[in-house]
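In: Give me a 3D structure for the following:
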Amino acid sequence: MSEPGSTNPVRLAIVGIHGHGHSHVVRAQHLQGTGEAVLVAVADLRPAQPGTFDASVREFTSLADLLAEVSVDVVVLCTPIHTHFELTALALESGADVLLEKPPVRSLQEFSELAELIRSTGRLCQVGFQSLGSHAIAAIRERIAAGEIGEVVGVSASGCWVRTRDYWRRAAWAGKRVLNGIEVVDGVVTNPLAHAVATALALAGATRASQVASVDLDQYRANDIDADDTSVVRIRTTSGLPVTLALTLCAAERSEPSVTVQGTAGRIVFYYTLDLVQVFLDDRDPTTTAHDRARLLDDLVAHRRGAGGSLVCDFADTEGFTVVLDAVRRAPDPKRMPEASVVWVGEGGDAHAVVRDIEQWVGRAGNEHRTFAELGAPWTTNR
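Out: Numbers count the residues shown, from 1 in each chain. Below you'll find the predicted structure:
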């Protein structure tokens, strides 16, 4: 194991190498090519495709077995939500730093316990909210500080994505609030469009629990799942700023999600998957700027090698997000939408639910800081 600050390549292990986990494999192999890191081991219940790794990479079916046999500096965890706490604790206690995929934990209690473990071990934990690595975040904050859009009066986020029946069948925990008595807390707010939540909170200056005054939820499901696929989350910060998130996985077609900072003299729209910023001012034509992005694994490796400053998305920076997640966890089950409000497009596993006029309702919710129920959306009433 390399000591923190060492010039030796950082020894990486990845747990969960399929699906999104494959992107971490690709990045680790890139860092190996630069000499900054070396991928020494992976763990997954499903074996890797032949030829994915060379003979020097050891393969295991569990993190516990991996850590018992291999010296590791950084562990990347891309595993189901309900495994995050236990696996992160195991990695930290072994002396490794961790890149933990979002959402980090399932409750504020788990957050508190893991935060204490991070403190006591002196280790680092980066959370996989890639959008927070965008250099656009700093650029937006500079524009706000300069008074470019006047006084900030609200922050909103909109996300209109499409998810098929097969998406909800891809894993036993998908679309579940609880699985075999174990809390999973999946759903549009906490998982697929969680980046919208975390990014909006970052731009609203509410990354800590002490900065969140209240969370109101208005949650629904068009799919045959337990969790929400269409929701409004309205947050009030302790400074009085409204932060409203209108999110759905039941759009007619996928559009780019965005976070908008609303001001008295204009607005700033951040398309966080594209690192694009559009500024709309009352007295001039809109402008668009593109920005670079810091990669989370690169950033963590650099810190392990002695880089100063803060992590791009330190575990502590996800406390505000976890307040929202915990509210979702404790909330009643989302309401089932009436059949009249939902159209099914496609066939078989490729079929996806479309909520009628959902794009209009998502736009209004964010602009007006009102829930679907307050707006009188058809699926929220008994008619």
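
In: Now for the residue lying closest to Ser341 once chain neighbours are set aside: which residues touch it?
Out: In space, and not counting its chain neighbours, Ser341 is closest to Trp379: 3.9 Å by CB to CB, 6 or more residues apart in numbering. C-beta: built from backbone N, CA, C; applies to glycine. Trp379 sits next to 220, 337-338, 341-342, 355, 372 when contact means CB atoms under 8 Å, 6 or more residues apart in numbering.

In: Inside helices: which ones of these?
Out: Among the contacts of Trp379, the members found in helices (DSSP state H) are Phe372.

In: Phe280: which of the contacts of Trp379 is nearest?
Out: Phe372 (25.2 Å; CB to CB).

In: Could you pull up the mean pLDDT of the helix or strand hosting Val153?
Out: Assigned by DSSP states H and E, Val153 belongs to strand 152-160. Averaging pLDDT along strand 152-160 yields 98.

In: same deal with stretch 126-136?
Out: 97.

In: sorry, back to before: so among the contacts of Trp379, which ones count as buried?
Out: 220, 337, 341-342, 355, 372 (16 or more other CB atoms under 10 Å).

In: With distance to Gly366 and pLDDT as extra columns, can I get those residues in TSV?
Out: Output for the buried ones among the contacts of Trp379, formatted as TSV (distance: CB to CB, whole Å; pLDDT from 0 to 100):
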residue	distance to Gly366	pLDDT
Tyr220	16	98
Met337	20	97
Ser341	20	97
Val342	22	98
Val355	16	98
Phe372	11	98
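
In: Could you point out the helix or strand that follows the strand holding Val153?
Out: Assigned by DSSP H and E, the successor of strand 152-160 is helix 165-169.

In: Pull out the buried residues from that following helix.
Out: Of the residues in helix 165-169, 165, 167-168 count as buried by neighbour count, 16+ other CB under 10 Å.

In: try stretch 370-383
Out: For stretch 370-383, burial by neighbour count (16+ other CB under 10 Å) applies to 370-372, 374-375, 377, 379-380.

In: Same check on stretch 87-101?
Out: 87-92, 94-101.

In: Kindly report the same for stretch 64-83.
Out: Buried residues in stretch 64-83, counted by 16+ other CB under 10 Å: 66-67, 70, 72-82.

In: quick one: average pLDDT of that stretch?
Out: 97.

In: Start from the N-terminal end of the stretch 51-200 of the chain and give the helices.
Out: Using DSSP state H, counting those that start in this stretch, the helices of the stretch 51-200 of the chain run over 63-69, 84-93, 108-121, 136-145, 165-169, 194-203.

In: can you put those helices in TSV and add distance to Ile225?
Out: TSV is the format used below for the helices of the stretch 51-200 of the chain (distance: least, CB to CB, whole Å):
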stretch	distance to Ile225
helix 63-69	29
helix 84-93	21
helix 108-121	23
helix 136-145	32
helix 165-169	5
helix 194-203	17
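
In: Any idea which of those helices gets closest to Glu36?
Out: When these are compared by CB to CB, helix 84-93 sits nearest Glu36, at 19.6 Å.

In: Among the buried residues of stretch 370-383, which one lies nearest to Gly348?
Out: Using CB to CB, the buried residues of stretch 370-383 come closest to Gly348 at Trp379, 24.7 Å.

In: Distance check, that closest one against Leu63.
Out: Distance, Trp379 to Leu63, by CB to CB, to the nearest Å: 42 Å.

In: before we move on, what about Thr199?
Out: 29 Å.

In: How about Gly187?
Out: 26 Å.

In: The two: which has the busier surroundings?
Out: Under the criterion of other CB atoms under 10 Å, the comparison of Gly187 against Leu63 puts Gly187 first, with 28 against 25.

In: Quick check: closest non-adjacent residue to that one.
Out: In space, and not counting its chain neighbours, Gly187 is closest to Ala227: 3.5 Å by CB to CB, 6+ apart.

In: list the contacts for the one you found?
Out: Counting by CB under 8 Å, 6+ apart, Ala227 touches 175-177, 185-188, 221, 334.

In: distance of it from Asp314?
Out: Noted for Ala227: a distance of 27 Å to Asp314, by CB to CB.

In: can you check Trp344 too?
Out: 42 Å.

In: neighbour count winner among the two?
Out: Set Trp344 next to Asp314 and count neighbours by other CB under 10 Å: Asp314 wins out with 16 against 13.

In: check contacts around that one.
Out: When contacts are counted by CB under 8 Å, 6+ apart, Asp314 is found next to 124-127.

In: Counting neighbours, which of those comes out on top?
Out: Neighbour counts for those, by other CB under 10 Å, peak at Val127, which reaches 28 neighbours.

In: Help me confirm that it comes into contact with Leu100.
Out: Yes: the pair formed by Val127 and Leu100 meets the contact definition of CB atoms under 8 Å, at 5.4 Å.

In: and for these two, which residues touch both?
Out: By the contact definition CB under 8 Å, 6+ apart, Val127 and Leu100 are jointly contacted by Phe315.

In: now, which of the buried ones among the contacts of Trp379 lie within strands?
Out: 220, 342, 355 (DSSP state E).

In: Of the buried residues of stretch 87-101, just say which sits nearest to Phe53.
Out: Leu99 (18.5 Å).

In: do you know how far the closest one is from Val42?
Out: Counting by CB to CB, the gap from Leu99 to Val42 is 14 Å.

In: Before I go, just wanted to say thanks for your time.
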